[in-house]
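In: model the structure of this input:
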Amino acid sequence: MDHFPTNWGRPRNEMYDQYNTFPLHHRPSHHKDAFADGVQHTQQPIVTGTSVLAIRYKDGIMMAADNLASYGSLARFRNIQRLHPVGSSTVVGASGDMSDFQYIQHTLDELMVEEFTYGDGHELGPAEVHEYLSRVMYGRRSKMDPLWNALLVGGIQDGKPYLAFVDLLGTTYSAPSIATGYGAHIAIPLLRTSVDPNPDAITEDQGRKILDDCMRVLYYRDARSIDKYQVATVTSAGVSISEPQKLTTEWSFAEQIRGYGAQTQ
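Out: A predicted model of the protein is given here:
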């Protein structure tokens with residue numbers, strides 16, 4: 001007798017038992033990926049960050065990113081740090097989905113703790129971190145959004161500046177100046193003109209001015225950016241990330257544009 005009320009009145013099927021599941025000898029042999037059929041939220045990024053800029057200069061690496069994380073078209077979170085120190089000689093900057101970046105941060109922190117526990121005096125440098133992230137990012141390409149997520153890895157490797165790019169499509173490359181997001185379209189021409197011919201001749205002050213000018217252009221042109229940003233520097237002395245600083249902008253020219261403000265003719 002079937003004591004399960006949910007089965008009363010239903011036709012019996014020898015393929016199912018009283019729990020309405022396949023008996024072991026009748027279970028299908030094929031297996032389905034339950035995750036693939038689920039809702040994959042990071043395929044549709046919710047909270048995202050825009051451009052990250054990075055350059056090589058005489059003493060090391062300099063990286064800049066604004067503090068905005070947008071909720072769609074809404075400038076929702078205005079105090080997000082998108083530059084993350086890794087060890088004593090590496091910094092990682094991220095554009096794209098911020099939940100994915102949080103996963104990357106936790107993964108890197110666990111990696112550095114594991115490396116420290118070996119007690120062999122060795123520490124992972126930017127080249128090793130970049131190689132590791134290239135595997136992690138590519139391995140998670142089905143769970144992240146390939147349109148958005150990209151990382152910049154910079155630091156000092158064997159006494160020399162190291163700067164590289166990685167995204168979910170398996171793209172990895174190194175260059176004296178790199179930008180992600182909208183900066184890859186607008187800021188890169190400015191960076192290549194100012195930095196690429198001779199990065200070893202650029203001082204720290206000059207590098208900051210170059211990044212400041214590029215961040216100002218992005219603020220004027222990129223609807224997903226704000227005028228508050230941070231700069232990370234990596235030298236032989238270690239990693240330093242500045243407090244949020246505000247851009248100096250000029251909007252008075254807009255008063256001369258027809259259709260702006262209270263103009264009627």
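In: can you pull out the helices in the chain?
Out: Shown for the chain, the helices assigned by DSSP state H span residues 34-37, 98-117, 126-139, 183-194, 204-221.
In: how about JSON lines for the ones you listed, with mean pLDDT, mean neighbour count and distance to residue 88 added?
Out: Backbone N, C-alpha and C define where each C-beta goes, glycine included. Converted to JSON lines, the helices of the chain look like this (pLDDT from 0 to 100; neighbours: other CB atoms under 10 Å; distance: least, CB to CB, whole Å):
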{"stretch": "helix 34-37", "mean pLDDT": "52", "mean neighbour count": "8", "distance to residue 88": "37"}
{"stretch": "helix 98-117", "mean pLDDT": "92", "mean neighbour count": "15", "distance to residue 88": "10"}
{"stretch": "helix 126-139", "mean pLDDT": "89", "mean neighbour count": "18", "distance to residue 88": "11"}
{"stretch": "helix 183-194", "mean pLDDT": "94", "mean neighbour count": "18", "distance to residue 88": "26"}
{"stretch": "helix 204-221", "mean pLDDT": "95", "mean neighbour count": "18", "distance to residue 88": "19"}
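In: now residue 175: how far from residue 183?
Out: Using CB to CB, to the nearest Å, residue 175 is found at 13 Å from residue 183.
In: which among the helices of the chain is found nearest to residue 163?
Out: helix 126-139 (7.9 Å; CB to CB).
In: what's near enough to touch residue 70?
Out: Contact partners of residue 70, counting by CB atoms under 8 Å, 6 or more residues apart in numbering, are 47-50, 76-77, 224.
In: ok, now residue 132?
Out: 111, 124.
In: ok, residue 192 next?
Out: residue 177.
In: wait, which of the helices of the chain is closest to residue 257?
Out: Nearest to residue 257, of all those, is helix 204-221, at 13.3 Å by CB to CB.
In: show me what that closest one is packed against.
Out: strand 52-57, strand 60-66, helix 183-194, strand 228-235 (3 or more CB pairs under 8 Å, 6 or more residues apart in numbering; DSSP states H and E).
In: per-residue pLDDT, the spatially most central residue of the chain?
Out: Nearest to the mean C-alpha position of the chain, counting by CA atoms, centre = their mean, stands residue 94 at 2.4 Å. The per-residue pLDDT reported for residue 94 equals 95.
In: go ahead and confirm it touches residue 108.
Out: No: judged on CB atoms under 8 Å, residue 94 makes no contact with residue 108 at a distance of 10.9 Å.
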